[in-house]
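1. Sequence and computational prediction follow.
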Amino acid sequence: MALIINEEQQMLKSSVKEFLKERSPIAQLRHLRDTKDSTGYDKALWTEMANMGWVALNIPVAYGGLDFGYTGLGQVLEETGRTLTASPLVSTVLLSATAINLGGNLLQKEAVLPYIAAGDLIVAFALEEGRHHHPTNISTTATGKKGGYSLNGKKVAVMDGHVADKLIVAANTDDGVELFLVDTNTEGITTERVISMDSRNYANIQFDNVFVSENATLAEYESGAALLERTLDIGRIGLAAEMLGGIQETFDRTVAYLKEREQFGVKIGSFQALQHRAAHLFCEIELCKSIVIKALKAIDDNSDDLPRLASLAKAKLGQTYQLVSNEGIQVFGGIGMTDEEEIGFFIKRARVVQRMLGDSNYHLDKLARMKGI
Amino acid sequence: MALIINEEQQMLKSSVKEFLKERSPIAQLRHLRDTKDSTGYDKALWTEMANMGWVALNIPVAYGGLDFGYTGLGQVLEETGRTLTASPLVSTVLLSATAINLGGNLLQKEAVLPYIAAGDLIVAFALEEGRHHHPTNISTTATGKKGGYSLNGKKVAVMDGHVADKLIVAANTDDGVELFLVDTNTEGITTERVISMDSRNYANIQFDNVFVSENATLAEYESGAALLERTLDIGRIGLAAEMLGGIQETFDRTVAYLKEREQFGVKIGSFQALQHRAAHLFCEIELCKSIVIKALKAIDDNSDDLPRLASLAKAKLGQTYQLVSNEGIQVFGGIGMTDEEEIGFFIKRARVVQRMLGDSNYHLDKLARMKGI
Amino acid sequence: MIATKTDVKTFRGEVTTWLEENYPASLRQPISSYKDFFWGGRNQEDVTDDLKLWFNRCYEKGWVVPHWEKKYGGGGLTLKENTIIAEEMSKIGARAPLQSFGVSMLGPALLKFGSEEQKMKYLNEITSGKIRWVQGYSEPGAGSDLAGLQTKAEDKGDHYLVNGQKIWTSFGDKGDWIFALVRTHPDRPKHHGISFLLIDMATEGVSTRPIKLISGVSVFTETFFDNVKVPKENLVGTEGEGWTIAKYLLTHERQMIGGIGDAHKPTPLTQIAGEKVGLTNGILSDTLLRSKIMNFEMNEALLEMTIERAIDEAKAGNDAGALSSLFKYVATEQNKTRYELKMEMEGFDGLEWESEASKNGALPREFLRTKANTIEGGTSEVMLNIISKRILGLPSR
Amino acid sequence: MIATKTDVKTFRGEVTTWLEENYPASLRQPISSYKDFFWGGRNQEDVTDDLKLWFNRCYEKGWVVPHWEKKYGGGGLTLKENTIIAEEMSKIGARAPLQSFGVSMLGPALLKFGSEEQKMKYLNEITSGKIRWVQGYSEPGAGSDLAGLQTKAEDKGDHYLVNGQKIWTSFGDKGDWIFALVRTHPDRPKHHGISFLLIDMATEGVSTRPIKLISGVSVFTETFFDNVKVPKENLVGTEGEGWTIAKYLLTHERQMIGGIGDAHKPTPLTQIAGEKVGLTNGILSDTLLRSKIMNFEMNEALLEMTIERAIDEAKAGNDAGALSSLFKYVATEQNKTRYELKMEMEGFDGLEWESEASKNGALPREFLRTKANTIEGGTSEVMLNIISKRILGLPSR
């Protein structure tokens, strides 16, 4: 398992980069924000991405996917992180398709995966309930009822929840947590769109006696809790790949500005104090690259080490995105504080992805517990 | 309570500074170390300091002291921190005289304080038992026996324990912890000298059925535990004052070296990266000065806020001494790594005082608990 | 004039009584926006009657700026008395009667460098709330190199002809007059060619454009000068003295930003952490956050003591001026950390940008605003340069 | 030569078997001092018979430096085979047969820049353990400005006359020969006036003085040259090529210090923290230390992966050379942190300097030694300069 991407993955990465640079620069996110777009993403863009197969990389060929693996998907995520492309890639492909592929039965897979692969179906992952990520403490209940379950509870910060066709809902049964595949138009579901600081869209979703049939459970994994954790770890790693893109883009722009901006008659990049800070960031980013590629490969290798790698990735990338986006603003100075300059978009996204699927504190704590301290 | 020292205190500070510069430069500590002096401190110097009243500042006039207060004693401690003067000032004056003055009865005070004030008596404070400071968890026992107690246990890291005439020992009775005043030559006491990394002397002391009379208890404070905590808080603040001296001296030497040393044809102090680090240290040190003077004055004002201030002082000074001594070595470069250059003496003392009476982690934790988190 | 402790006590008593009787009940609640202040000026936005009432009561008493001379609309009080009034206002959470860059920024400059005519006219217009001032220092592309400014004022006999552009003029679209640094002598070394000019923004050729910030708020504008005629008597000090005046004012600004005199202490994070994050076995459930909070709160406590110490040093006649860069640097870095930690504590709730529950994203917007703390009024890097050069005496290359 | 996977497996099997049979049992215990190694040379201190035996067995097999050519006393093996031997030795904790700056530092220089005669003579003397080499780069006062060195070598026809002083020569009092940077052309720009010279330390005029470190240990010396005659054939490369050779070697040294190829991984702090500090409710009692340990261990894991990635990049033919400054910087800063945390964990026990319980103060002495990590072989500041200039391309003033 060499820690480099192969030629095919490199080619994929290059085409995604070129495509997004053209079709989805930061201006596109700004446009969605300023026009108060009701979906919060560019549907046409999503269709194009689907046509190129980029939303089906982790879906088996049998279900209309490319079975290209998570290392490949990671390259796409990284590039969307560079351009801050608003799309259902994380919610639908990274999280939901993964959960269904790992834990769904044949019928469920057939009913969902091909449509995700085609870009025709949005599936949101409804997990969080409180202020903080706490997946081992689910309050939403799934009470056994004739032929199925009744779901009750409230979910928050559901990525793309307001445009989703289906939801995967984590809920507690008598036998522990299970993931349920539910249509968003089922009776008893109330969705409230929330606009987040990164100009992306989340939803708070209320479940009042929502009836789901027995067949709604993703029951083919060793347990619901194990399925949830595996899905989350894969999600954390994919999110870290996205963060890596954002980190690199922020850094590249900052270094470019250091070379271009003059103060006191010289380039500010010639100030040694700023040079050392930039060099330090460079080192941090190289460390980030290593854990992201290592963790992505570990998904494809179905490694037992995934929980450790996922937490390392999410912890480090969260810290680094925070650091690099703060340094970016500081280097840009006043102009960086204006909405007109694009660097501000990165600090906003940085804080949102930091919170998603557990922040750095959460994951360092998790790592400490793994080590028995 | 203005956060500045008054004229008298300033005069005291100046004379101590001048005296120690002359009589006790770092070379003196080096000399004690290299000659493997059996006491580990300069007795003649101690007598001179006593003659000038500097070891009696916190002792009431009635017991041969000057009743000059802890803010004054803090100035002496600060100056000894600059010269790294090895003396029993912390063990005997700062800790033991304080404990006796606060908790001793008339007889105990008369029997001890005047002799400390005269420089004729060394009293060590025997508290620690394990690897870490943990004053609320004393294992040494004081079992009631006819007319007194029997002490059993082992104490470690007892400053000046190997040269002490008397000890103050923290031990657990049926009614909780009490402090006992004990002669070091009492039967059952075994003292083992330990040379510490700062070339100062500590002792590990074993107590095997050591009989002490009822009158040995320092019983005039609200409780033994309260007496111990008050004494420790005063000790922590005094130690912080010593650390402040060491921090400033390390910083002054570092800044002087930055101005003097040339590399690549220019003074290294002209490198902006080093300038910013030095400026940052300057700010940290100014913060240190504020907490030290605030906390010293709070002792003299018998403030209820002492526990918070003591922990703030010990936590911050510990961190800053560590930082400034590390930066000092790095700036001095290779030459700073040699025993010949004196900067290395400060990094060694920094690590020792950091551990004494609770390190920064301990005190930040204590502060958090005070705040209910 | 007060001299003795008894005088102080008496004066303080009078202040308390007056405030009790005169501070309107409706204003005894937290401030949520800049609109909750009385700003004065020709374009004063709608303010409540009580805000006006409060301003007028203070103005009559000379307490808009108590320590300015009475002929300038002040109260003719000493600095000590001024402090007592400020302290007592702070105790009951009273708002300043007038929120004004005229008081905090232009006033000190005029008092030190202005002519008597200028003082009479402009200071009275400030204290009476007639004219609202804005600051015109920064220019696009200038950044920390303030002295590199390009806005030029050509000598045309009885007036200057001003052309150029300023940026970061706070409320530039709401102000009446602007005090601006302009280049009168392009031939001189850059620090010596600058002058300090007062410009009526109603003059032909002055226009403004709002700047939207990353927080989504627009409180700053760009201000453009297109062949603007400014009478010669609007020069403060002498030609070429502008940089000296600006430096003098920057020190004031840094002290303000650095938090000196900031009466409104933020709630300690230790106080809100438990509710936001929860406790496990009596300690904060998130122990990594706990560690960061305690380091932050330690420095916060020490910063406060350092301000106290600096005041005591100043009182004792010791030079504590060197500390102003320290306050600016430490206080702004601390404030950024405070908001990072608030964001950590608030979790998902702190990400909401437009919801009602989040008060329209109050926290994330404030958080983003703090990022400017270490840029405006002298960047952290400039502060560190100043400390290393002026205080530590480290050599230049 | 091995080419296929099967070959690798076969070769590895042979190595394992040979090591099992030949690595002395008495050497299968942890190393506690530099004296536990075979250093060779004319002044070889007393070593155990087993150390000698182990060296001799390896020498006969050509495994002192397996990848050097046989004519130089090597094994004539490929780098791949060399790696396999190193890996297998590391697995059983086997010591290197010879501890030698000749192998790690001088060898690569001679192989790249030396004449055939020089290689034959000196490489054979190294592999056979006859001559122990020391390094003579740094000079008092030079520090990071290595190229500013002053030791001069004057051309006297058939020999150079060397005068000057070197510092930080490891084991200078125990070595036989020194490879030194000397200034042959004071008139040229400083980087171009330096030459690389081999000097027999037994020559008249060479003397050494030990340097005592803050850890109390003396492993370095100062070396003095007082009218030392050095034959002209002892020049490596051409006159003035010294800086090029030194830079080439420094890269090697940085990689060594940076931890590449360091087979002995330190015990993770998470593994010892529980015992040293204790647990409360299942988590480390000192939660502030816990926070620091986890941040450290996170970076430690990531550094290891980055080394792994750099090797993979190199194998794939991508340029990973730029990363060597990164490794030096990150690994040495990490190591300093490791020891700060060890000191925190060890508490009072970590302060003992001379007691038996503390193994003569092993921890505090190692701790102090780590402070040199970010100084020797290029300071952290130099590393950051290199990264900002060469990798990021940031401008000079």
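-> Noted; the coordinates are in hand.
2. ok, the lowest-mean-pLDDT helix or strand in chain A: who's next to it in the sheet?
-> Within chain A, no helix or strand scores below strand A:262-263, which has a mean of 90 by mean pLDDT, DSSP states H and E. Sheet pairing of strand A:262-263 (DSSP bridges) gives strand A:266-267 (antiparallel).
3. Beyond the strand it pairs with, next helix or strand please.
-> With elements assigned by DSSP states H and E, the helix or strand that comes after strand A:266-267 is helix A:272-300.
4. Show me what secondary structure element comes after that following helix.
-> Tracing the chain past helix A:272-300, the next element assigned as helix or strand by DSSP H and E is helix A:306-332.
5. does chain B sit close to that following helix?
-> No: on the criterion Cβ under 8 Å from any Cβ of the partner chain, helix A:306-332 is out of touch with chain B, staying 12.8 Å away. C-betas here are computed from N, CA, C, even on glycine.
6. again, but for stretch C:289-298
-> Yes: contact of stretch C:289-298 with chain B (Cβ under 8 Å from any Cβ) involves C:Arg290, C:Ser291, C:Ile293, C:Met294, C:Asn295, C:Glu297, C:Met298.
7. just the strands in chain A please.
-> A:123-126, A:141-145, A:148-159, A:166-173, A:176-183, A:189-195, A:201-213, A:262-263, A:266-267 (DSSP state E).
8. could you give the angle of the third one to strand A:189-195?
-> What separates the directions of strand A:148-159 and strand A:189-195 is an angle of 10 degrees, with axes from the mean of the first three to the mean of the last three Cα atoms, to 10 degrees.
9. In CSV, list the C-alpha atoms belonging to strand A:148-159.
-> Output in CSV follows, covering the C-alpha atoms of strand A:148-159 (Å, rounded to 0.1, in the frame of the first residue of the first chain):
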residue,chain,number,x,y,z
GLY,A,148,-42.3,-1.8,11.2
TYR,A,149,-41.2,1.0,13.5
SER,A,150,-42.3,4.4,14.6
LEU,A,151,-39.6,7.0,14.6
ASN,A,152,-39.6,9.9,17.0
GLY,A,153,-37.0,12.5,17.7
LYS,A,154,-35.2,15.5,16.3
LYS,A,155,-32.1,15.6,14.1
VAL,A,156,-30.0,18.7,13.5
ALA,A,157,-27.2,19.8,11.1
VAL,A,158,-28.4,17.3,8.5
MET,A,159,-26.3,18.1,5.4
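10. Off-centre distance for that strand?
-> 20 Å (Cα atoms, centre = their mean, to the nearest Å).
11. where in the stretch 51-200 of chain A is pLDDT low?
-> Within the stretch 51-200 of chain A, no stretch has pLDDT under 70.
12. Which residue does it have closest to chain D?
-> Proximity to chain D, evaluated over the stretch 51-200 of chain A using Cβ to the nearest Cβ, is greatest for A:Thr71 at 13.4 Å.
13. tell me the domain boundaries of the chain?
-> Chain wasn't specified; assuming chain A. A:7-120, A:125-216, A:224-370 (automatic domain parsing).
14. you looked at the wrong chain, it should be chain C
-> Domain assignment for chain C by automatic domain parsing gives C:5-99, C:133-245, C:266-391.
15. of all these, which lies closest to B:Asp183?
-> domain C:266-391 (40.9 Å; Cβ to Cβ).
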